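Enquirer: return atomic coordinates for the entry below.
(one chain, ligands or ions: 1)
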Amino acid sequence: MAANGHSSRPGLFLDRLTRESAGLALFLDFDGTLTEVAPTPDSAVAPAGLSDLLKRLSARLGGALAVISGREIADLDMRLAPFRGAAAGVHGAEIRLAPESDADLGAAELDPSALAEIRRLAAFEPRLLIEDKGASIAVHYRAAESAAPRLEAALERYIAAGAGGLRLLRGRKVFEVLSFGFSKAQAVTRFMETTPFAGRRPVMIGDDLADLAAFDACVARGGQGFRVAGELFPASEADFSGPEAVRAWLADLAAQLSYRQEPGK
Ligand SMILES: [Mg+2]
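Expert: Here you go, the predicted structure:
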């Protein structure tokens, strides 16, 4: 599917944008959306020019651009430097409403016993990669896909046996244990209550299950969600063929916004 063709949903959106007076609020997932999915979370690299592109877009949107990721905000900042914008990390458990403000840690860190217990549950397969993100614990199985069913069952039992308050999030080759009450949808909602996002039309671009609720949150406010092809969305059901197509669309969007702001040029 030609993500930038005028027949695609993102292409039509760009066409329509010139006729719309309402501003746009843009929410972007990171892994699998802005960048290719990497074999391990640590090895994900932002392509050259992404930092500049986000900086330009954010400026043209009056700051109404936020990266919403399962990563911690500090991790996003490091990978996107020198760009620093509004952001939500750990699926909304961390929120930075404006570039200059500190991250607002919404979630208490998980109980330290959770990490020890999840390590124990995952010990049957040494290629499982455990990532402690403070407010969540992720277990990546990209290097050991056959371990997924046993791991998932063990994590489900762990969560069911607990006092509640935790949930299991399924992502692309990852299971994540996270507090209830935080989601990418909740992050979108929080941004949309805040200047400069409030009153704009929200658009979220993502590639994973956790992004679906954020799409719904955008649609509920008159906006849209765009799907990026990957392990979850086959190309035939996606709006973008991959991160490269997303970046090309964002560059077109930046150019279009620039034109709208400077009609005399
Ligand atoms: Mg993703």
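Enquirer: C-alpha from now on. contacts and neighbour counts both.
Expert: Noted.
Enquirer: span of stretch 118-127 from start to end?
Expert: One end of stretch 118-127 to the other measures 14 Å (CA to CA, to the nearest Å).
Enquirer: with stretch 137-148 instead?
Expert: One end of stretch 137-148 to the other measures 16 Å (CA to CA).
Enquirer: ok, residues contacting that stretch?
Expert: Residues outside stretch 137-148 that contact it (CA atoms under 8 Å, 6 or more residues apart in numbering) are 39-40, 115, 122, 125, 127-132, 173-178.
Enquirer: do that again at 7 Å, thanks
Expert: With contact meaning CA atoms under 7 Å, 6 or more residues apart in numbering, stretch 137-148 is reached by 39, 115, 127-132, 173-178.
Enquirer: same question for stretch 196-207.
Expert: Identification of contacts with stretch 196-207 by CA under 7 Å, 6+ apart yields 22-29, 32-33, 62-64, 191-192, 214-215, 218, 221-230, 232.
Enquirer: quick one: whichever strand or helix holds Asp216 near the ion?
Expert: Assigned by DSSP states H and E, Asp216 falls within helix 209-219. No. Helix 209-219 stays out of contact with the ion when judged by CA under 5 Å from the ion, the minimum separation being 7.6 Å.
Enquirer: which neighbouring elements make contact with that helix?
Expert: In terms of contacts (3 or more CA pairs under 7 Å, 6 or more residues apart in numbering; DSSP states H and E), helix 209-219 is packed against strand 166-171, helix 184-192, strand 201-206, strand 224-227.
Enquirer: so the second one versus helix 209-219, what angle?
Expert: Our comparison of helix 184-192 with helix 209-219, counting by axes from the mean of the first three to the mean of the last three CA atoms, to 10 degrees, yields an angle of 40 degrees.
Enquirer: list the buried residues for whichever strand or helix holds Ser258?
Expert: For Ser258, the host element (DSSP H and E) is helix 243-261. The neighbour-count check on helix 243-261 (16 or more other CA atoms under 10 Å) flags 243-247, 249-251, 253-254, 256-258 as buried.
Enquirer: out of those residues, who's nearest the ion?
Expert: Distances from the ion to the buried residues of helix 243-261, taken as CA to the ion, are shortest for Pro243 (9.9 Å).
Enquirer: you'd agree that closest one is up against Glu36?
Expert: Yes. Counting by CA atoms under 7 Å, Pro243 touches Glu36, with 6.1 Å between them.
Enquirer: for the stretch 101-250 of the chain, what lies in contact range of the ion?
Expert: Residues of the stretch 101-250 of the chain that fall close to the ion, judged by CA under 5 Å from the ion: Asp207.
Enquirer: so for this protein, the centremost residue is which one?
Expert: Asp29 (2.5 Å; CA atoms, centre = their mean).
Enquirer: returning to that earlier point: other residues contacting the helix holding Ser258?
Expert: Identification of contacts with helix 243-261 by CA under 7 Å, 6+ apart yields 3-4, 14, 32-36, 53, 56-57, 60, 240.
Enquirer: sweet, I'm off.
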